[in-house]
Structure formats: structure tokens, C-alpha cells
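> got a predicted model here, sequence first, then my questions.
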Amino acid sequence: MFSPDNLQAIWLTLRLATTATLLLLLIGTPLAWWLSRTHSWLRGPVAAIVALPLVLPPTVLGFYLLLALAPAGPIGQLTGALGLGSLAFTFEGLVIGSILYSLPFVVQPIQNAFHAMGDGPLEVAATFGAGPWRRFFTVAIPLARPGFISGSILGFAHTVGEFGVVLMIGGNIPGETRVVSVQIYEQVEALQFGEAHWLAGAMVVFSFLVLLVVYGSIGRHAIPGMRFGS
Amino acid sequence: MQARIFYTMAQPAGGRFQLDLDAEIPAAGITCVFGASGSGKTTLLRCLAGLDRPQDARLTVDGEVWQDENRFMPTHLRRIGYVFQDSSLLPHLSARRNLHYGRDPGDGADTADAVKLLGIEHLLDKFPRQLSGGERQRVALARALLSKPRLLLLDEPLSALDVARKQELLPYLQRLPEELDCPIVYVTHSPDEVARLAAHVLVLDHGKCIARGSVTDLMASRQLPVNAAGESGVVLETTITGHDADWNLAEAAYADGRMLIPDPGVAIGGLVRLRILARDISLSHAEEAHSSILNRLPATVERIEESPDTAMCMVHLRVGESTRLLSRVSRKSARRLELAPGRAIYAEIKSVAILQ
């Protein structure tokens, strides 16, 4: 069914999407919390920056990332000083690119869920004697669970479907940066339509199933932040 | 408890709201904060709880400073119980886990007592959304009792309930002062709840305290702004001194005498709070009237409140040394009876409401 090359690409894609999603939850949760609670003037600019990948062509994001990750770029100098070398054209570089690219898809549903719960439950918990950390972990996070579910699904699926950013900063190294979408591109370029069919068809089925889960079985009303497409 | 609060805040509708009061809240009995909506009652509670932060406040509870110029103790460190209008529970936890949230485990006996007192045994494994409004409030009250608060705050806990559920919850609220040895602040806009629950009253209007005192004094002096004049009346604290089983009556002693009331089922020595509405007291000179009236109390007219453009007037009466009554009669009757301050008269009590 799948050739070894294709299987390698699928495995790499799943590894990339899983890593990026886990890191996105770690980064996105505090960011979403801050965006949903702050009255700072910084809220607007930060929200706009988070949402930028929704409107920017992936090539623009990839271009600047490539410059930043290159040995002379700011991130490249940092990773060089740490003895890691440049992250351009590496799996780690792809993870960084995916995090930026999929950030709004994780942050916005979680932020909406935090916003929707209002102050009530948190105030009740405060009168029950719970401090800020306890309120966050025992009230805010459980109540925002639908937001976390949809954020994770969307972040994962969106990373799987990424192409432009990968091509710009990852290139096409088998087992390192050659993810499914790039593999399909390669096969089409090489006129291996049969191979490409398997992968492309699998992507269609996968994407359909993800959206079916999000919109269908869980119910669209239960999931905040689903008003934009993925 | 000593509270001095100055809080000014922007209102969503524009303009500013200012809460400015200085109050001592007694440690025993329920203190009702009474006022129309928008008078600042809820804001006062939120300031006491630390949910809102007044610019300038001095708040001392049980000798502990909760806020002054240098300090602001956050809500979770204040030992309070807070019952909101609705949703005083965490929606994602069962009633049982709500009761135990944030508490030291191990005092199971207390839990059993509180659960039994409020009759919520069968509700413990349900989630708040599966409970009726009245059941939720009972769980919230149990939770408040369990937390052994140093201050209990209740924000119109009956307002979201229908009449039947209100009647169901009132006895639990009336029992609170026996169960808790701390100041209890009860916010309401219902004169009926004030009459039933309050030992002390604080009347708020536009963020300012316009009257305060014991419920009997405030009711008798008509300082509670009650909408309908027909609702004016007094509250009497009485002790049951005897029963008349033949007629299902009981003898209730107030500060300056006794009267017969329908037997409330309270043993001798038990305390009963009565409310007598002004419209239920008529006046007469006749010493011996052949009428259905059971209670005829010798009284003295203290003053008459009247205005020329209404048919009725309010007569303030005194019985004995300290008991005060209100009677609402027509101005024509008042003239015919030649009512004037100092005049002796009989107050005929047509009906008495037993509040607790």
C-alpha cells in the first residue's frame, strides 16, 4: 500500500504534528489565559501577532523564519552560541515553524473557552479559599476543556497540512524534513502519480475524519472558536 | 466587624457609582442590607469579600485587619462564606466535591451535620446543573456552614427562586445565627425577608447608608422605604408563655404585655417573631367592644403622619414603655376619634403574621 518512503514521510509528519501540538499547548495556554483576562493595551497588538499566520502566505512566514534561523540570524546566532548549530533544514527548525504557523489555531479556541466561562466560577473558587494557581488548574482548565480539545485537534491537523513553511525552512531531507505534503509534491514533480495518489487520498480521508469529529460527534456548539475554517 | 468603605467605580452605562459608608456590623444575628437595585448592596458585599477593591477602606473582622491603607487581603485568604444569587457552586464538580473543595479533609462529622441540617443527603452525587435552584442554594448554604467562616455574605439568595422554594429555604436561613458564630450580612430588596430574618438593618440608597438599627426600631419608625403603604408594619419579638389547646391559640409575651396568637407549635419559652401590618390595626375608644377582635391593647398616640391629599394617615402608637405599633386609618376616622399626640386609645389587632 504505502512505499517505505511514504511510510517514513507519514511517520515524520505525525512526529512533527504531535511535538508541535504538545509544545503549542504549553505555550498557547498561558498566552490564551493572558489574552482572555488582561486589560493591558498590549492585548490588541499581541492578539494581532498571534493571528498573523491566518492571513499571511506561508512563504512570507517561511522566508523570515529562514533568515532568523540562518547562522547569521538572531535565532541562528543563539542556537550557534548554545552549540546547536543552525536549525534551518532540521526537524527542530520545522517544529519552530509549525508552532508559529499553527499558533492561532490553538490559542483562539482556548482563549474563547476561557472567555466564555466568565469570572463567576473563579470568584466562587476564591471564596472557597483557592489561590490563583489552584483556581487556574482546578477551575479554569477543567471548564475550558472543550477549547483544549478543539485547539489540540485543529493545531495537530493544521500542522499535518502545512506545506509552504516546510518547503521554505525545511527543504526536502528524507526522514528529517520531508513530510507528507512535501513528499506528494516531490512525487508529482517526478510524475509518480500512483504513489502520490495513495498519500493524497490518505490526507483527504484524514482531514475529513478530523473535521467530522470536530463538527459532528462533539457538536459544533460544544466547541468554541470554530468559526474560522482550518 | 468594622467596615469603612469608599469605592468609586465607572459604570458600564457611563457615569460613576460611589459607595461611601461606615458601618459596624454586629457579630450576632443577621444584618440585612436593604435597598433598591442599584443602591450598591452587591458592591458592598463584593468589597467585603475582596472581589472588588475599594480605593479607600478599613475593614476589620474579628480583630483581624482585612484592608487598610497598607494592606489588601485577597479573597482566598479571607475566611468567608459567600452565597450568590445563583451559581454559588463550581459547575464541573459534584455537590459533594463542592462541599469539600479547598477544605482540609478529616472533619467528616461536620460534613454529616451540615448535610443533615440542610437535608441534602440525596443530592451529594449530583452536579449543580442537575439541581433545582432551591437545592443549589441549600448545597451552597451547607458549604458556607462547613467552611466555618468569620464572615458570611448572602447576596439575595432567594431572588432566583419561586415563592414555594423561597418558603422552603427560609427556615434554613432563619436558623443560620444559631449555627454560626460570626457576622452574617444578608443583601435583599424584599421587606418581607427583612422582617423575617433581620436582627439589624442597614438601609442603602445610592451608595450611602440612610438608616440603620434594629429591625423593630426601623420598622416601627417607618425608616424602611417600603413601596406600598399597606406593607408598613411592625415586628415584635415575643416569647410563648402559654397554650390554649381548646382554641388552638397561644399566649405570646412581648416587652410590655401579652397577646393571643394562632398556636405556632412552639413550646413555652420559645421565641416567635410576629409582624403586625399597619392596615391590620384599627383604633377605638370603647373599652369593651363586642367584636371578633381578640387583642385590644391600650396604647398612646405618639404622632400622626398625614398629608392633605391622601385619604389615609399613619398613626404611630406606643404600648407600655417601649412597644411601638403602626396603624393605618382614614384621616376622617382620625378626626372623628380626635386623635392627637398623647391621647389614650385602644389598638385592635385584626391579624398577626407569625414569621418564625
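Cool, got the structure.
> look up phi and psi at residue A:135.
Note on residue A:135: its backbone torsions stand at phi -60, psi -40 [degrees, to the nearest 10].
> pLDDT score assigned to the closest residue to it other than its chain neighbours?
Closest residue in space to residue A:135, ignoring its immediate chain neighbours: residue A:125 at 4.6 Å, by CB to CB, 6 or more residues apart in numbering or on different chains. Glycine gets a C-beta too; all of them are placed from N, C-alpha and C. Residue A:125 is assigned 94 on the pLDDT scale.
> just the one 10 residues further on next, same as before
With respect to pLDDT, residue A:135 has a value of 94.
> surely it touches residue A:122?
Yes: between residue A:135 and residue A:122 there is a contact under CB atoms under 8 Å: 5.2 Å.
> contact partners for the residue nearest to residue A:135?
By CB atoms under 8 Å, 6 or more residues apart in numbering or on different chains, the residues touching residue A:125 are A:134-135, A:138-139, B:76, B:90, B:101-102.
> over to residue B:69?
With contact taken as CB under 8 Å, 6+ apart, residue B:69 is in contact with residue B:58.
> go again with 10 Å.
With contact set as CB atoms under 10 Å, 6 or more residues apart in numbering or on different chains, residue B:69 has these partners: B:56-58.
> what number of residues lie near residue 59?
Picking chain A for this. When neighbours are defined as other CB atoms under 10 Å in any protein chain shown, residue A:59 has 13 of them.
> actually it's chain B I care about, not the one you picked
23.
> which elements pack onto the helix or strand containing it?
Element membership of residue B:59, judged by DSSP states H and E, is strand B:56-61. Under the contact criterion of 3 or more CB pairs under 10 Å, 6 or more residues apart in numbering or on different chains; DSSP states H and E, strand B:56-61 touches strand B:2-10, strand B:16-24, helix B:41-49, strand B:64-67.
> and the end-to-end length of stretch A:170-185?
14 Å (CA to CA, to the nearest Å).
> ah, wrong one, I meant stretch B:346-356
One end of stretch B:346-356 to the other measures 27 Å (CA to CA).
> before we move on, what about stretch A:68-81?
Distance between the boundary residues of stretch A:68-81 (CA to CA) amounts to 14 Å.
> can you give me the buried ones in it?
A:68-70, A:73, A:75-76, A:79 (16 or more other CB atoms under 10 Å in any protein chain shown).
> show me how far the strand holding residue B:59 is from its chain's centre.
How far strand B:56-61 lies from its chain's middle: 24 Å, per CA atoms, centre = their mean, to the nearest Å.
> what sits up against that strand?
Residues from elsewhere that reach strand B:56-61 (CB under 10 Å, 6+ apart): B:1-8, B:19-20, B:22, B:24-25, B:27, B:47-48, B:50, B:65-69, B:71-73, B:78-80, B:149-151, B:182-183.
> what lines up beside that strand in the sheet?
Strand B:56-61 has the following sheet partners, assigned by DSSP bridges: strand B:2-10 (antiparallel), strand B:64-67 (antiparallel).
> just after the shortest one, pick out the following helix or strand.
Meaning strand B:64-67. Immediately after strand B:64-67, counting by DSSP H and E, sits strand B:80-83.
> centre of the chain versus that following strand, how much separation?
Relative to its parent chain, strand B:80-83 has a centroid offset of 17 Å by CA atoms, centre = their mean.
> outline the domain layout of chain B.
B:2-230, B:233-354 (automatic domain parsing).
> how about these in JSON lines, adding mean pLDDT?
Putting these into JSON lines (pLDDT from 0 to 100) gives the following:
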{"stretch": "domain B:2-230", "mean pLDDT": "86"}
{"stretch": "domain B:233-354", "mean pLDDT": "89"}
